[in-house]
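>>> this one's sequence-less:
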């Protein structure tokens, strides 16, 4: 019994159960369970290890290091502020799912062996899908469906890799894995899919903006960053990650420039920012790993802030596209101020949290003498300002005044925004607040003349380029095609290939649908079975993966 | 469009002060040959952004579709 008390995840799960039983008190229960989880995390000693023997495996549920402590702290912090932000949200089930989502993300970070990690990994995919579905409209149902299928396939790839790992070494403790065996590639691909790596980066902007105004704050924080955490431990220092990261940086910028949906712009910038972290993992020196962890921390904070300000705009005006809003700084001044602080933090202006973390990654590439990589990181730094730093606040809060009736959101939505802005600036001015939490000792000084001057020069001229090219950046009512064309568009090449197999499976599913389905299962029936063509096509892919796996054995 | 012009003018005014930032820049601490050059960061940042915008525009010509494309 004492074990459960000292395990932070259990409070969140209990809280979620309590919310489902007593939806009336959802807000209080949610906030209290996160606070008690935080207390538990800070009280329980670092040396304690919680493990259970399940079947023949030794499952380590609780094993904390400096790195996992950093991630736990920031996960719970954004969880707490997000919970306060979502107080006015009426859908109580969503609040329960969110708690379970936080619990599973925390479970991944705290786990000490791959089996426990895998269980929480899958739980994270499922709970986050329920968070997306909680918006309860057709768009969120569809995109949640695509999201979960992609993630289950990613989970399957990871599982295949883990089975291989166990088969070869009989050891599932989480440790560094070298990329010279077939199963390590499976593990890497499974992890990278959750990080939003190419070619499937597209799931982030597809799924996250379909969450409700409050839930996209949570969605942005956990899935990609747990992947970053596991990658730091398992694959640090593999140079292939550098190139993947650079692709993600550029992908995020270019697609965000073409995008019209406010929260989708911010989702593309998640891909971009995670790209910086992946580059840091690929470089793999102590400074780079420190920079990656610090950047994950500050990224979660300012991305939460940005999505809160976008969520406030959605909550107040009901508009989600850049073409529909504009000139909101007059009517929503506090939201605008917080959004601008978040935008400055993401573009790493000096004296914001982004500056002290991102410059570590850039500096590590500089010290290692990776000249080409360094050039790309500079392009990335300038491009972040272009697509998230100015584009987001400019088209939402300034630009043409659409004369929308709006006010600042109610007080409990303002408190978390103002607090997160405060944290962004505090960390920026006193970087040691964050540096003491990092896994390695830090002898890095962010505020040198060279760092500040070079960053200011980059950003100012990037801003100049934005306003000079403003005519060409006007938003249009369009979407941009991506890899999802292959499985969203009907009758494309792949669809035709699989059509016969699809037909066969659809007939089975049709039979299934004729059986009496409980009304409560309406949601699942509506999403999974109606979209059988997609799911069947992707399940064919999973069969191919399993075949590859069997051939390897 | 008047605001846009005003913003560009004010950015130019800010930029006219940027050369003074080099007072804080230590040219002895640089490692690569390029960041030894005066004006490397501003020009590189500007060109990078223009390049990204042009690339995005070109990509948009091919990949942009109407919003109801998948419906």
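Now that the structure is in, tell me what you want to look at. Everything quoted here is computed from the prediction, not taken from an experiment.

>>> residues of the stretch 251-400 of chain A that sit close to chain B?
Contact residues (C-beta under 8 Å from any C-beta of the partner chain) of the stretch 251-400 of chain A with chain B: A:253-255, A:257-258, A:366-367, A:369, A:371, A:374-375, A:378-379, A:382-383, A:386, A:398. (Each C-beta comes from the backbone N, C-alpha and C, glycine too.)

>>> go with 10 Å
Neighbours of chain B within the stretch 251-400 of chain A, by C-beta under 10 Å from any C-beta of the partner chain: A:253-261, A:321, A:366-367, A:369, A:371, A:374-376, A:378-383, A:385-387, A:394, A:398-400.

>>> pull out the buried positions in the host helix or strand of residue A:16.
Assigning secondary structure by DSSP states H and E places residue A:16 in helix A:8-21. Going by neighbour count (16 or more other C-beta atoms under 10 Å in any protein chain shown), the buried part of helix A:8-21 is A:8, A:9, A:10, A:11, A:12, A:13, A:14, A:15, A:16, A:18, A:19, A:20.

>>> can you check stretch A:333-341 too?
Applying 16+ other C-beta under 10 Å to stretch A:333-341 flags A:334, A:335, A:336, A:337, A:338, A:339, A:340, A:341 as buried.

>>> from those residues, pick the one nearest chain B.
Checking the buried residues of stretch A:333-341 against chain B with C-beta to the nearest C-beta, the nearest one is residue A:340 at 14.1 Å.

>>> the closest residue to that closest one other than its chain neighbours and residue A:184, how far apart?
Residue nearest to residue A:340 in three dimensions, not counting chain neighbours: residue A:393, with 5.0 Å by C-beta to C-beta, 6 or more residues apart in numbering or on different chains. The spacing between residue A:393 and residue A:184, counted by C-beta to C-beta, to the nearest Å, is 42 Å.

>>> equivalent analysis for residue A:467, please.
Taking C-beta to C-beta, one finds residue A:467 at 47 Å from residue A:184.

>>> and what of residue A:230?
From residue A:230 over to residue A:184 (counting by C-beta to C-beta), the distance is 13 Å.

>>> repeat that for residue A:344.
Distance from residue A:344 to residue A:184, by C-beta to C-beta: 40 Å.

>>> sorry, back to before: what would the buried residues of helix A:8-21 look like in TSV with distance to residue B:69?
Listed next are those as TSV, based on distance: C-beta to C-beta, whole Å:
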residue	distance to residue B:69
A:8	44
A:9	42
A:10	46
A:11	45
A:12	40
A:13	41
A:14	45
A:15	41
A:16	38
A:18	43
A:19	38
A:20	38
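
>>> okay, those in CSV with pLDDT next?
Formatted as CSV, the buried residues of helix A:8-21 follow (pLDDT from 0 to 100):
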residue, pLDDT
A:8, 88
A:9, 90
A:10, 89
A:11, 91
A:12, 92
A:13, 91
A:14, 91
A:15, 92
A:16, 91
A:18, 91
A:19, 90
A:20, 87
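
>>> quick check, residue A:61 in a strand?
Yes - counting by DSSP: H, G, I helix; E, B strand; the rest coil, residue A:61 is located in a strand.

>>> how many other residues sit next to it?
Neighbour count for residue A:61, taken as other C-beta atoms under 10 Å in any protein chain shown: 20.

>>> separation between it and residue A:545?
For residue A:61 relative to residue A:545 (C-beta to C-beta), the value is 28 Å.

>>> now residue A:242
The spacing between residue A:242 and residue A:545, counted by C-beta to C-beta, is 26 Å.

>>> what about these two, which has more around it?
residue A:242 (24 against 17).

>>> now the nearest residue to the more buried one once chain neighbours are set aside: how far from residue A:434?
Setting aside the residues directly before and after it, residue A:242 is nearest to residue A:282 in space (C-beta to C-beta, 6+ apart), at 3.5 Å. Remark: distance between residue A:282 and residue A:434 (C-beta to C-beta) = 22 Å.

>>> tell me which residue lies nearest the centroid of chain B.
residue B:46 (2.9 Å; C-alpha atoms, centre = their mean).

>>> helices of the stretch 101-250 of chain A, start to end?
For the stretch 101-250 of chain A, the helices defined by DSSP state H, counting those that start in this stretch cover A:114-133, A:138-169, A:182-195, A:203-207, A:215-235, A:240-258.

>>> and the ones you listed as TSV, adding mean pLDDT?
Formatted as TSV, the helices of the stretch 101-250 of chain A follow (pLDDT from 0 to 100):
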stretch	mean pLDDT
helix A:114-133	90
helix A:138-169	86
helix A:182-195	91
helix A:203-207	90
helix A:215-235	92
helix A:240-258	92
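
>>> out of those, which comes closest to residue A:89?
helix A:215-235 (7.8 Å; C-beta to C-beta).

>>> what angle do that closest one and helix A:114-133 make?
Interaxial angle, helix A:215-235 versus helix A:114-133 (axes from the mean of the first three to the mean of the last three C-alpha atoms, to 10 degrees): 160 degrees.

>>> buried residues in helix A:215-235?
Those would be A:215-235, for helix A:215-235 by 16+ other C-beta under 10 Å.

>>> what residues are up against residue 14?
By default, I'm working from chain A. Contact analysis of residue A:14 by C-beta atoms under 10 Å, 6 or more residues apart in numbering or on different chains lists A:4, A:29, A:33, A:36, A:37, A:99, A:103.

>>> my bad, chain B
Going by C-beta under 10 Å, 6+ apart, the list of residues near residue B:14 reads A:456, A:460, A:463, A:464.

>>> try 8 Å
By C-beta atoms under 8 Å, 6 or more residues apart in numbering or on different chains, the residues touching residue B:14 are residue A:460.

>>> host element of it?
Assigned by DSSP H and E, residue B:14 falls in helix B:2-17.

>>> scan chain B for its longest helix.
helix B:40-63 (DSSP state H).

>>> list the buried ones in that helix?
Result for helix B:40-63 [16+ other C-beta under 10 Å]: buried residues B:40-42, B:44-46, B:48-50, B:52-53, B:56-57, B:59-60, B:63.

>>> of the residues you listed, which pair is most distant in space?
Taking every pair in those and measuring C-beta to C-beta, the maximum separation is 32.8 Å, between B:40 and B:63.

>>> for the closest residue to chain B within the stretch 201-350 of chain A, which non-adjacent residue is spatially closest?
Proximity of the stretch 201-350 of chain A to chain B (C-beta to the nearest C-beta) peaks at residue A:257, 4.0 Å away. Distances taken as C-beta to C-beta, 6+ apart put residue B:56 closest to residue A:257, at 4.0 Å, once the chain neighbours are dropped.

>>> distance of that neighbour from residue B:14?
From residue B:56 across to residue B:14, the span is 26 Å (C-beta to C-beta).

>>> just residue A:123 next, same as before
For residue A:123, the distance to residue B:14 - C-beta to C-beta - is 50 Å.
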